[in-house]
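Chemist: model the following, please.
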Amino acid sequence: MSYYSPLRLWRIFLLLLSLYLLIKKRESFLGIRPLSPLRLRETITVLGTSFVKLAQVLATRSDFFDEAYLRELGTLHDDLPPMSPAERKRVFARAFPADPFVRFEEKAIASASIGQVHAAWLEGDVKVAVKLRREGIERRVRADIRILRSFNRFFRPLFSTLTRHSIEAVIEEFAAMIVRECSFNEERRNLEKFSAMYAHSGIVFPTHYPRWCSDDAIVMSFEEGWRFDERERIGEAGIDVAVLIEKLVRFYTDQMLVKGFFHADPHPGNLLVRSDGALVLLDFGMVKRVPNDTRIAIIELIRSANERDFEGYVSAAKRLGTVAYDAPSAELAEFTERMFDIFGNDALDSSSMQKLAFDVLDQTRNLPFKLPQEAIYILRVSAIIEGLGTTYIENFNGIKDILPILQRNIPRALGMKDSLVETLFDEFSRLPEDVGALRETLRRASRGELVVELSPRQMEQLHADLQRSLAPMYAAAGFALGAFAAWMSGWENASYVLMCAAALRMWFR
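Modeler: Have a look, this model is predicted:
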């Protein structure tokens, strides 16, 4: 089937509408009901990689979907149809002109959206995992991106400015990320960086074999364990789930708030739990960096949330870019307090929390929330980790369960070491550099050379204010030019009308 056939476009529309109805708990829209769990999974499978990636995020949210939907969506992580034998052979031949394996299992042990994994053995009976890239995957992904951009252009006039910018940010960030994810050379480089940067994190990463890696294949050590959401088997092994969740949150604190380099796809299929309780992280195609000003805004967000300083929370959200810079702080602080009261209430079950939260959102739908490009994957990872917690702990949510762990890790995020002596030594070692910076600042200030930079949010707000201020002048200038043209053409009455319009536009600007 063509990537742009009417049937495929209709399936995309039906899928997006079904997800919206299920999340909003609505039965129908214009007489169209959401797809059943089985049809939803089948539709996503037929549509392919881009839509599987979207479903992988949603499959962790037990507060959005009932058990039947979760069961079907859960199989999308590593249970997609594999390539045909002919396709696999073509990819294998391109990746390995000289076959390096003593034995290669032709049946894939896992088949995901970008590639599929086979067991194989090298010389010396070394068992490895061989990940092969799906044939033609990059062309298909680029076609999906064009379809999403076309839908966006068609519906663009229906959205407010902030919503429109948020949707465009999602599409552009998604497009950039998924194209990179289709390159296995990029994934190999990400694995190398992770292995070096987090060598002492206590998390296990596969070891790759660069000699046999290419853009079509990655050869890695074979890692074994249970999927993170295999609750019964992990419980039967006597592994403490609370320790696992704390370890996972602490590791993500390191990635997002300390190092600023994080794995953006920690769905259950990419997180294994070994019998000794160790966590294994797989699949490094989706990796992101967190800019320093974003990390600082997140830390301030966490600190304000823990201290229930809601005005501070709103201020940090503005710096993060999730709230418009000119949004009313008092109204947003009240909204934030109400949401914290809901999700921090142990007496409520998850469905009650969801209903109350949607009620509050309905009352505040005109507040200027935004989704900036750099925050998309941070929010995505937060949603996945919160979703993983709901697998084990009833009513698990970020406010009452993750926030205390984050709060304990803020000192490390701010650069504090494990002991006071180490912290003092570290601060002392930086003292000459800090004194030098202070001296340079004072020197520039005394010469009138001090430069003050505005944040991107402030620049965005100034740009919007400037556009609003200039719009009446542009309109008045247009009327004035029209009046001049009418006068030169001998249409005197028309020129008077246009001049009056120009004057009124300037008067009522």
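Chemist: C-alpha from now on. contacts and neighbour counts both.
Modeler: OK.
Chemist: how far is stretch 379-388 from where the chain is centred?
Modeler: Centroid displacement of stretch 379-388 relative to its chain, using C-alpha atoms, centre = their mean, to the nearest Å, is 9 Å.
Chemist: do the same with stretch 75-87
Modeler: Centroid separation for stretch 75-87 versus its chain: 25 Å, with C-alpha atoms, centre = their mean.
Chemist: tell me the SS of residue 76?
Modeler: What DSSP: H, G, I helix; E, B strand; the rest coil gives for residue 76 is coil.
Chemist: these two touch, right, it and residue 52?
Modeler: Yes. Between residue 76 and residue 52 there is a contact at 6.7 Å, judged by C-alpha atoms under 8 Å.
Chemist: ok, now how distant is residue 437 from residue 133?
Modeler: Distance of residue 437 to residue 133, computed by C-alpha to C-alpha, to the nearest Å: 49 Å.
Chemist: with residue 151 instead?
Modeler: From residue 151 to residue 133 the distance is 28 Å (C-alpha to C-alpha).
Chemist: which one of residue 437 and residue 133 has more residues nearby?
Modeler: residue 133 (27 against 12; other C-alpha atoms under 10 Å).
Chemist: partner residues bridging the more buried one?
Modeler: Counting by DSSP bridges, residue 133 forms beta bridges with residue 115.
Chemist: next one: it, what pLDDT does it get?
Modeler: Confidence at residue 133, expressed as pLDDT, is 94.
Chemist: quick one: mean pLDDT for stretch 228-244?
Modeler: For stretch 228-244, the per-residue pLDDT averages 86.
Chemist: that should have said stretch 451-464, apologies.
Modeler: Stretch 451-464 comes out at a mean pLDDT of 71.
Chemist: again with stretch 204-219
Modeler: Averaged over stretch 204-219, pLDDT sits at 95.
Chemist: pull out the buried positions in the one helix or strand residue 460 maps to.
Modeler: Taking DSSP states H and E as the definition, one finds residue 460 inside helix 456-488. Buried residues in helix 456-488, defined by neighbour count with 16 or more other C-alpha atoms under 10 Å: 457-458, 472, 475-484, 486.
Chemist: for it, name the packing helices and strands.
Modeler: helix 492-507 (3 or more C-alpha pairs under 8 Å, 6 or more residues apart in numbering; DSSP states H and E).
Chemist: give me the buried positions along the helix it packs on.
Modeler: For helix 492-507, a neighbour-count test (16+ other C-alpha under 10 Å) marks 494-496, 498-503, 505-506 as buried.
Chemist: please report how far the closest residue in space to residue 378 that isn't next to it in sequence lies from residue 239.
Modeler: Take residue 378 and drop its neighbours on the chain: the residue closest to it by C-alpha to C-alpha, 6 or more residues apart in numbering is residue 264, 7.6 Å away. As judged by C-alpha to C-alpha, residue 264 and residue 239 stand 25 Å apart.
Chemist: those two - which one has more neighbours?
Modeler: Higher neighbour count among residue 264 and residue 239: residue 264, with 23 against 17, using other C-alpha under 10 Å.
Chemist: which SS state does the closest residue to residue 104 other than its chain neighbours fall under?
Modeler: Take residue 104 and drop its neighbours on the chain: the residue closest to it by C-alpha to C-alpha, 6+ apart is residue 120, 4.3 Å away. In the three-state summary, residue 120 is assigned as strand, counting by three-state DSSP.
Chemist: let me see the ranges of the strands in the protein.
Modeler: Counting by DSSP state E, the chain has strands at residues 103-104, 110-111, 115-122, 126-133, 217-221, 226-227, 261-263, 271-273, 279-281, 287-289.
Chemist: reformat these as a markdown table; add distance to residue 94.
Modeler: Listed next are these as a markdown table, based on distance: least, C-alpha to C-alpha, whole Å:
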| stretch | distance to residue 94 |
| --- | --- |
| strand 103-104 | 16 |
| strand 110-111 | 19 |
| strand 115-122 | 15 |
| strand 126-133 | 10 |
| strand 217-221 | 9 |
| strand 226-227 | 31 |
| strand 261-263 | 28 |
| strand 271-273 | 30 |
| strand 279-281 | 28 |
| strand 287-289 | 26 |
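Chemist: of these, which approaches residue 68 most closely?
Modeler: strand 226-227 (19.2 Å; C-alpha to C-alpha).
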